[in-house]
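1. Predicted model, plus sequence, below.
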Amino acid sequence: MSTTAPHTHESESEEQPEDASAPLGTTGHRPPRLIHNEVTTEIPVHLLFRDDPAPEPVPLKPAVVGRRQGTGEQPRLARPVRTGRSRPVPPADPELVERPARVLPGAAGVCAGLGGAAGCLATSWWAGVLPPLALESLRLPSYAGAALGPAQWAAYAGAGAVGLFGFAGLARGRTGRAWVLGMFGRYRGTVRRTGLLWMNPLLRRRRADVRLRHWRSEAIPAADASGVALRVAVLVVWRVRDTARALLGIEDHEGYLRECVEAALARVPVEAPGGTRAGADASAEVLTRLVAGDAAPAGLEVFSVRPLRVEYAPEVAAAMHRRRIAALDAQQRATMLSSVVDSVEDTVTRLTVRGLVELDDYERKALVRDLTVAFCSGRGEPA
């Protein structure tokens with residue numbers, strides 16, 4: 001009987017299923033479980049909506065895939081990757097950028113000046129103030145004139161203003177030079193044209209040199225890769241690229257370049273005296289890149305920054321000189337010793353191979369010692 005009772009109870013529960021939502025005391029026993037697992041930790045969400053149609057799949061963006069949906073979590077934007085390079089210094093005035101100024105050919109100014117002079121001459125003839133000699137030289141008919149009145153004075157003023165305005169605006173543009181124009185403290189443009197030009201005479205003109213120039217610095221403190229103090233004189237090849245920023249943004253070009261070179265030497269190790277050419281070229285390349293980046297916002301274009309003279313600082317010059325002499329002496333001794341050892345080895349080998357002498361270990365050591373002393377004495381060095 002004990003073996004069949006559990007089977008009977010199991011068959012009854014399978015033949016008469018009851019509602020899972022019925023209370024416990026209605027039928028006298030617990031309703032059958034929908035899920036027969038002994039431990040259920042979570043139920044899939046779609047089981048709660050079995051009567052609804054299956055939702056259509058919605059494509060998700062790659063940035064949202066893998067995140068919990070319905071929690072309000074927003075995809076994070078990718079942060080920009082830092083390259084480690086220093087950002088260039090912006091100019092003092094972002095709007096201060098070189099632009100061409102409006103000018104006219106010089107012929108327009110000459111014509112205006114001549115027209116003003118002709119107007120003054122005609123007014124004088126009209127007023128009858130020209131001397132007879134001038135009338136004869138100009139072949140003008142004699143005219144009694146209406147004397148100097150308000151109309152004549154107004155004509156004089158107008159013609160004189162036109163002539164003065166025309167001649168005062170004439171300027172000559174030369175190769176390698178530029179004109180920076182301004183009015184009432186505002187930048188009005190740059191003139192890089194050559195030849196005879198006419199500019200507004202009310203504008204203030206400042207000449208800028210845009211040719212290729214070089215600047216040689218005095219001894220500037222620096223350091224090598226080991227931190228030894230140095231004094232370096234550099235040669236900077238540069239020119240003015242943006243005349244507006246160069247003339248109106250900074251006051252002293254060479255002073256600005258000096259500060260840029262000192263800042264670059266504080267960050268870049270310089271090849272010590274007696275170093276390799278490759279190391280010097282690498283230092284010059286890095287210096288050029290740094291100084292060019294610092295000088296660009298000021299309207300200056302730097303082509304090369306190359307150390308001309310590199311020497312040790314006065315406080316370490318004597319010690320480094322002795323150190324270098326000791327290194328050269330040690331190198332020379334090592335070279336001499338290698339040469340002596342090779343000569344002794346070659347001599348002993350030839351004597352033994354040709355059968356001229358038969359030596360045991362003691363005699364071989366004595367011969368090597370005597371030959372070494374002889375060769376070192378012959379070279380002028382102590383054994």
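-> Sure thing, it's come through.
2. Low-confidence ranges, the stretch 251-383 of the chain, go.
-> Within the stretch 251-383 of the chain, the ranges that satisfy pLDDT under 70 run 317, 378-383.
3. quick one: C376 and S343 touch, right?
-> No: between C376 and S343 there is no contact under C-beta atoms under 8 Å: 10.3 Å. Bear in mind the C-beta positions are built from the backbone N, C-alpha and C, glycine included.
4. The residue nearest to W198 when sequence neighbours are not counted: which element?
-> Nearest in space to W198, with sequence neighbours left out and distances taken as C-beta to C-beta, 6 or more residues apart in numbering, is G109 at 3.5 Å. If you go by DSSP states H and E, G109 is part of helix 106-127.
5. again with L96
-> Counting by DSSP H and E, L96 is found in no helix or strand.
6. So it is in contact with R245, correct?
-> Yes: the criterion here is C-beta under 8 Å, and L96 meets it with R245 at 5.7 Å.
7. ok, those two, which is more surrounded?
-> A count of neighbours by other C-beta atoms under 10 Å puts R245 above the other of L96 and R245, at 22 against 15.
8. Looking only at the helix holding G109, what residues are buried by neighbour count?
-> When neighbours are counted by 16 or more other C-beta atoms under 10 Å, the buried residues of helix 106-127 are found to be 106, 109, 112-113, 116-117, 119-120, 123-127.
9. and which of the residues you listed is nearest G274?
-> Among these, G106 lies closest to G274 (C-beta to C-beta), at 59.3 Å.
10. Distance check, that closest one against G116.
-> 16 Å (C-beta to C-beta, to the nearest Å).
11. ditto for V180
-> For V180, the distance to G116 - C-beta to C-beta - is 28 Å.
12. Kindly report the same for E315.
-> E315 is 71 Å from G116, by C-beta to C-beta.
13. again with P201
-> If you go by C-beta to C-beta, the gap between P201 and G116 works out to 13 Å.
14. Show me where the stretch 101-250 of the chain has its helices.
-> 106-127, 132-138, 150-168, 243-248 (DSSP state H, counting those that start in this stretch).
15. ah, wrong one, I meant the stretch 251-383 of the chain
-> 253-265, 277-295, 314-353, 361-378.
16. which residues touch the last one?
-> Counting contacts by C-beta atoms under 8 Å, 6 or more residues apart in numbering, the residues outside helix 361-378 that touch it are M336, V340, V341, S343, V344, T347, V348, L351, V357, L359, P382, A383.
17. Quick check: buried residues in that helix?
-> For helix 361-378, by 16+ other C-beta under 10 Å, it's L367, V368, L371, T372, F375, C376.
18. That one: how far from the chain's middle?
-> Offset of helix 361-378 from its chain centre (C-alpha atoms, centre = their mean, to the nearest Å): 65 Å.
19. Next, the angle helix 314-353 makes with it.
-> 130 degrees (axes from the mean of the first three to the mean of the last three C-alpha atoms, to 10 degrees).
20. Could I have the CA atoms of helix 361-378 written out in PDB?
-> Provided in PDB are the C-alpha atoms of helix 361-378 (Å, rounded to 0.1, in the frame of the first residue of the first chain):
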ATOM      1  CA  ASP A 361     103.900  27.500 -19.600                       C
ATOM      2  CA  TYR A 362     106.300  29.300 -17.400                       C
ATOM      3  CA  GLU A 363     108.600  30.400 -20.300                       C
ATOM      4  CA  ARG A 364     105.500  31.500 -22.400                       C
ATOM      5  CA  LYS A 365     104.300  33.700 -19.500                       C
ATOM      6  CA  ALA A 366     107.700  35.300 -19.100                       C
ATOM      7  CA  LEU A 367     108.000  35.900 -22.900                       C
ATOM      8  CA  VAL A 368     104.600  37.500 -23.000                       C
ATOM      9  CA  ARG A 369     105.500  39.800 -20.000                       C
ATOM     10  CA  ASP A 370     108.800  40.800 -21.600                       C
ATOM     11  CA  LEU A 371     107.200  41.500 -25.000                       C
ATOM     12  CA  THR A 372     104.400  43.500 -23.400                       C
ATOM     13  CA  VAL A 373     106.900  45.700 -21.500                       C
ATOM     14  CA  ALA A 374     109.000  46.200 -24.600                       C
ATOM     15  CA  PHE A 375     106.000  47.200 -26.800                       C
ATOM     16  CA  CYS A 376     104.600  49.600 -24.100                       C
ATOM     17  CA  SER A 377     108.000  51.200 -23.700                       C
ATOM     18  CA  GLY A 378     108.300  51.600 -27.400                       C
END
